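Quick one, what's the 3D model for this:
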Amino acid sequence: MRRIPRHFLLTIVLAVVLGAHAVAQDSQVPVVRPGPDAYNSGGVISWDRGAPTFQLIPQGPGARSGRIWVSSSASGLFIEGQLDGPKPVWPATRAELLGADHIEVWLAAEPKLDLPPIGWGNQFGENDLDSAKDCVGLEDSGPGSAPRQEACRSWYEQQVLYRKQFRKLFVRQWLLAGDPLTYRMKYSVEAYASAAMQSITNAISSDAYIPATIAPALHDGVRIAILNTPPDKPGYDFQIVIPYSAFPPVPSLDVSDLWLMVDVFGAAPTGRKMGAFSTTAPNRKWGDPSTFNHVRIERPLRMQLTPCSYPLTQKDVYDKEQPTFVYPVPFGTADGAPVVIDKSIILGNPEGGYLYDPVGASPGEGIDQFFSKATGNGGFVCGPLLAYKNGSVSIKTDKVLHEDSFATKVLPDGWTLVRTGPRADSTTFGSGECGACPRAQLQIYAISPQGEIETALDIYKITLEPDTWAADFQFAPDWSRAAYYSQPSTQSADPAPWKETDYCLSGHSYEPCGVKENVKPPNPPVVKALNDAD
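This is a model prediction of the structure:
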């Protein structure tokens, strides 16, 4: 999926939610109260748990009854259980896991994942397909149109199958069991998203189809402790730790709402693959997050997208919002203050210049990288879409910054200059006449202490054209002057002379302050891509 940094897609973060009181699933959402930091405790936790979050609901004869507590901390979730019934029969090998006593924990941050329509895009817009029949639109392309339609229909059907597995990457299912000798953790296996990822990898030969960014971690830190219980006490007790680092992608910067389900399985009787089970979700359907228990965290993990606090939704190259997610940070703060992050996961269809036939995965996934700089007066400037934050002053714009040529300067009167460039760039799709020609760019913006923004300098020239065959820049270290160099094309064997146009800082803007003919450009070039036409 081709992505342009300046047109980053929507940022959406999944929310985490857990309950602290045993309440019917349809009446109200349980609220999970803060508990001990089990992830960093290093052992079994004893604390005042209060009322259970859920009562287990037996799903057949022989299923265990019991109580489940869910709590949260700055590092993740803590799930505890007290179970009735016979002593457990733990698996001796991984192959025996499903047929032995074990616990399954399901987790999602979105009950229903909405995806963009199946399709792709190019410089003329988006091509959305409601069905394989829509591929008939490719028939007016001359000889070979029939094979193109057939390839399109095949691609569409492949996307339908791909999406069934892709949706599973936003859900986690852990199979957990104790050791038959020590009763401590023996197995912690994520089975649902991992199997979906393996299916995608096995079925698709092209790396363009493999959404590695949202693949579950092989070693995610989820662990279980089986508590030693007296021989005369029925059942067993357990404690499970799920760190935030093991969570699936989330669509909210406050991880407060989750869809969680705990299933407890007994050992399978002779002739059956699995034993009787109990669940916390009365209307459960295997693999369907909307049927899990919706829970809410009282003290949620909070994240902030750069110091400028970008919103959770951004727009793509077609000015259209797309699903966006983030992975929760491994640890929150003790006081609940937000943790600053600089990446989001975006979902979008493949797009590119002259992309007239479908290719790749729909949707694909990618990383949007944000960046920021402290201004020296207590403020921050952030990108790739220019944003500014200083105390109560906060602005966000559609002006594009480029991290590789991004700088700031605070003037004596408190105004902040923001520079992007000098650099060479191209159009979004590189299409049209001279669409791939480098663009000579230097933009400077001025931001007042009150948050007003002005364009202080804007140089944008297309090179490899007659009037500007080559170009370059120089920029004074003290920001007092910018020089733009240009060289026209010539029919002569001798190169045309260069011209220098100067711009000087006056107040908060740059004004033309001189033109020099027959000058020498910077050597070596400052922006080589603009001065490499030969």
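
what sits opposite the residue positioned nearest the centre of the chain in the beta ladder?
For the chain, Ile345 is the residue whose C-alpha lies nearest the centre (C-alpha atoms, centre = their mean; 1.8 Å). Going by DSSP bridges, Ile345 is paired in beta bridges with Phe325, Ile367.

so it touches Pro328, yeah?
No - using C-beta atoms under 8 Å, Ile345 is not in contact with Pro328, being 11.8 Å away. Where C-beta positions appear, they are placed from N, C-alpha and C, glycine not excepted.

returning to what we had before: got a list of what the residue nearest to the centre of the chain touches?
Thr213, Ile214, Pro249, Thr324, Phe325, Val326, Tyr327, Glu365, Gly366, Ile367, Asp368 (C-beta atoms under 8 Å, 6 or more residues apart in numbering).

I'd like those residues laid out as a markdown table, including pLDDT, neighbour count and distance to Pro525.
Output for the contacts of Ile345, formatted as a markdown table (pLDDT from 0 to 100; neighbours: other C-beta atoms under 10 Å; distance: C-beta to C-beta, whole Å):
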| residue | pLDDT | neighbour count | distance to Pro525 |
| --- | --- | --- | --- |
| Thr213 | 85 | 17 | 36 |
| Ile214 | 87 | 17 | 41 |
| Pro249 | 95 | 25 | 42 |
| Thr324 | 90 | 24 | 38 |
| Phe325 | 94 | 26 | 41 |
| Val326 | 93 | 23 | 39 |
| Tyr327 | 92 | 22 | 40 |
| Glu365 | 88 | 22 | 37 |
| Gly366 | 83 | 18 | 32 |
| Ile367 | 87 | 11 | 31 |
| Asp368 | 89 | 22 | 31 |
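
What count of nearby residues applies to Thr490?
Neighbour count of Thr490, defined by other C-beta atoms under 10 Å: 12.

What of Ala193?
22.

That one: what's its closest spatial neighbour, skipping adjacent residues?
Computed as C-beta to C-beta, 6 or more residues apart in numbering, the closest residue to Ala193 that is not its neighbour in sequence is Pro216, at 4.3 Å.

so who does the one you found touch?
Contacts of Pro216 by C-beta under 8 Å, 6+ apart are Leu169, Arg172, Glu190, Ala193, Ser194, Met197, Pro248.

shouldn't the first one be in contact with Ala196?
Yes - shown here, Leu169 and Ala196 form a contact pair, counting by C-beta under 8 Å, at 5.8 Å.

does Trp498 have beta-bridge partners, and which?
Val519.

Next one: it, what pLDDT does it get?
On pLDDT, Trp498 comes in at 95.

check contacts around it.
Tyr485, Ser486, Gln487, Asn518, Val519, Lys520, Pro521.

just Gly121 next, same as before
So Gly121 contacts Asn127, Val317, Tyr318, Asn349, Pro350, Glu351, Gly352, Leu355 (C-beta under 8 Å, 6+ apart).

What is the three-state secondary structure of it?
strand (DSSP: H, G, I helix; E, B strand; the rest coil).

Which residues does it form beta bridges with?
Under the criterion used here (DSSP bridges), Gly121 is bridged to Glu126, Glu351.

what's the distance between it and Glu365?
According to C-beta to C-beta, to the nearest Å, Gly121 and Glu365 sit 16 Å apart.

So Tyr310 sits against Gly383, correct?
No - here Tyr310 lies out of contact with Gly383, judged by C-beta under 8 Å, at a distance of 9.9 Å.

any shared contact partners between the two?
Shared contacts of Tyr310 and Gly383, counting by C-beta under 8 Å, 6+ apart, come down to Phe370.

Flag every buried residue along the longest helix seen in the chain.
Using DSSP state H to define each element, the chain has its longest helix at helix 145-168. Of the residues in helix 145-168, 148-149, 152-153, 155-156, 158-159, 162-163, 165-168 count as buried by neighbour count, 16 or more other C-beta atoms under 10 Å.

Identify, from those residues, the entry nearest to Ala51.
Lys168 (33.5 Å; C-beta to C-beta).

Quick check: the closest one touching Gly287?
Yes - Lys168 is within contact range of Gly287, at 7.1 Å (criterion: C-beta under 8 Å).

Give me the common contacts of these two.
Tyr192.

Tell me which helix or strand Gly435 sits in.
Using DSSP states H and E, Gly435 is not contained in any helix or strand.

That one contacts Ser426, correct?
Yes - judged on C-beta under 8 Å, Gly435 makes contact with Ser426 at a distance of 7.3 Å.

residues in contact with stretch 364-374?
By C-beta under 8 Å, 6+ apart, stretch 364-374 touches 1, 3, 5, 8-9, 11, 208, 211, 213-214, 305-308, 310, 314, 324, 342-350, 380-384, 401, 403, 406-408.

among the residues you listed, which are in strands?
Residues of these located in strands (DSSP state E): 305, 324, 343-348, 380-383, 406-408.

hang on, the earlier thing: in ChimeraX, select just the buried ones from the contacts of stretch 364-374.
Buried members of the contacts of stretch 364-374, defined by 16+ other C-beta under 10 Å, are picked up in ChimeraX with:
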select :1,3,5,8,9,11,211,213,214,305,306,307,308,310,314,324,344,345,346,347,348,349,350,380,381,382,383,384,401,406,408
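
Now for the closest residue to Ala74 other than its chain neighbours: which residues touch it?
Counting by C-beta to C-beta, 6+ apart, Ala74 lies nearest to Gly332, which is 4.1 Å off, once chain neighbours are set aside. Applying C-beta under 8 Å, 6+ apart to Gly332 gives the contacts Ala74, Ser75, Tyr244, Leu301, Arg302, Val339.

Next one: the first one from Asp37, what distance?
Using C-beta to C-beta, we find Ala74 at a distance of 6 Å from Asp37.

which of the two has more neighbours?
Counted by other C-beta under 10 Å, Ala74 and Asp37 do not tie: Ala74 has more neighbours, with 20 against 17.

elements contacting the longest helix of the chain?
Counting contacts by 3 or more C-beta pairs under 8 Å, 6 or more residues apart in numbering; DSSP states H and E, helix 145-168 is packed against helix 192-203.

From the chain's centre, how far out is the helix it packs on? Work that out for me.
19 Å (C-alpha atoms, centre = their mean, to the nearest Å).

Can you list the neighbours in contact with that helix?
106, 161-162, 165-166, 168-173, 209-211, 215-216, 248, 287.

Okay, angle between that helix and helix 145-168 too, please.
160 degrees (axes from the mean of the first three to the mean of the last three C-alpha atoms, to 10 degrees).

shift numbering so it begins at 420
With the count now opening at 420, the last piece we talked about shows up as helix 611-622.

quick one: buried residues of helix 611-622?
Tyr611, Ala612, Ser613, Ala615, Met616, Ser618, Ile619, Thr620.

with those residues in mind, which one is nearest to Glu871?
For the buried residues of helix 611-622, the minimum distance to Glu871 (C-beta to C-beta) is 47.5 Å, reached by Ala612.

measure the closest one to Phe497 for me?
In this view, Ala612 and Phe497 are 22 Å apart by C-beta to C-beta.

now swap in Gly694 and tell me
Noted for Gly694: a distance of 26 Å to Phe497, by C-beta to C-beta.

between these two, who's got more neighbours?
It is Phe497, of Gly694 and Phe497, that has more neighbours when counted by other C-beta under 10 Å, with 26 against 21.

what about that one, helix or strand, and which?
Assigned by DSSP H and E, Phe497 falls in strand 495-502.

Check which helices and strands that strand sits against.
strand 485-492, strand 655-662, strand 673-684.

Figure out how far that strand is from the centre of its chain.
That offset, for strand 495-502, works out to 28 Å (C-alpha atoms, centre = their mean).

Mind listing residues that contact that strand?
435, 437, 451, 454-455, 457-458, 464, 468, 475, 483-491, 522, 524, 654-666, 679, 681, 683.

which of the residues you listed are buried?
435, 437, 451, 454, 457-458, 464, 468, 475, 483, 485-491, 522, 524, 654-666, 679, 681, 683.
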